[in-house]
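>>> I would like to see how this sequence folds:
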Amino acid sequence: MPSELSSWRVGPKGQLNKEIIDLSRAADVLALFERRRSEFEAINVSTALHRVAKHREASGCRTMQMTTLRSLTVAALSHVGEFNARELSGSAWALARLVCRDQPLLAAISSAAIPTLTEFLMQNLVNTAWAFSALGL
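I've put the predicted structure just below:
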């Protein structure tokens, strides 16, 4: 297993990622982010954004959750330069699934993806292309 994939599995960020992955409701992921925001590193922010999109509730988000989601996208923007290909594509996918046209974050994802395109697996390319297409970009 490449060190990039295995390095997040150990230590505090690995434990936090496991906690994020174990949550099955978007509201719970957002609540965890709200409580432990200062502990979130790049991998945790990307994972949280992905899980929120995957488990978004059909009923929509309450105002507090929308504020926390906005804080999560701001955190993603601050970490996007640290994202690997999977995190970039997963974040783009999450924004599209949430129908979140966060222009600064999408522009940063796009810019960060260009120099790392050779690291993208086919699924990363497909997810990223779909995301930008779904958002009409």
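>>> where's the residue nearest the centre of the chain, which helix or strand?
The chain has Ser46 as the residue nearest its centroid, 2.9 Å off, counting by C-alpha atoms, centre = their mean. Counting by DSSP states H and E, the element that carries Ser46 is helix 42-54.
>>> same for that helix, what does it pack against?
In terms of contacts (3 or more C-beta pairs under 8 Å, 6 or more residues apart in numbering; DSSP states H and E), helix 42-54 is packed against helix 11-22, helix 26-36, helix 63-79, helix 85-97. For glycine as for every other residue, the C-beta is placed from the backbone atoms N, C-alpha and C.
>>> Run the angle between that helix and helix 26-36 for me.
Helix 42-54 and helix 26-36 are oriented at 150 degrees to each other (axes from the mean of the first three to the mean of the last three C-alpha atoms, to 10 degrees).
>>> could you list every residue that touches Arg86?
Arg86 makes contacts with 121, 124, as judged by C-beta atoms under 8 Å, 6 or more residues apart in numbering.
>>> separation between it and Gln65?
Separation of Arg86 from Gln65 (C-beta to C-beta, to the nearest Å) stands at 25 Å.
>>> same check, this time on Val29
To Gln65, Val29 is 10 Å away according to C-beta to C-beta.
>>> who has more neighbours, the two?
Applying other C-beta atoms under 10 Å to Val29 and Gln65 shows that Val29 carries more neighbours, namely 28 against 19.
>>> contacting residues for the more buried one?
20, 23, 48, 51-52, 55.
>>> pLDDT weak spots in the chain?
Low-confidence segments of the chain (pLDDT under 70): 1-13, 57-64.
>>> Surely Trp17 and Ile43 touch.
Actually, residue 17 is Asn rather than Trp. Yes: taking contacts as C-beta atoms under 8 Å, Asn17 lies within contact range of Ile43: 6.0 Å.
>>> more neighbours, these two?
Ile43 (23 against 20).
>>> ok, the more buried one to Trp130 distance?
22 Å.
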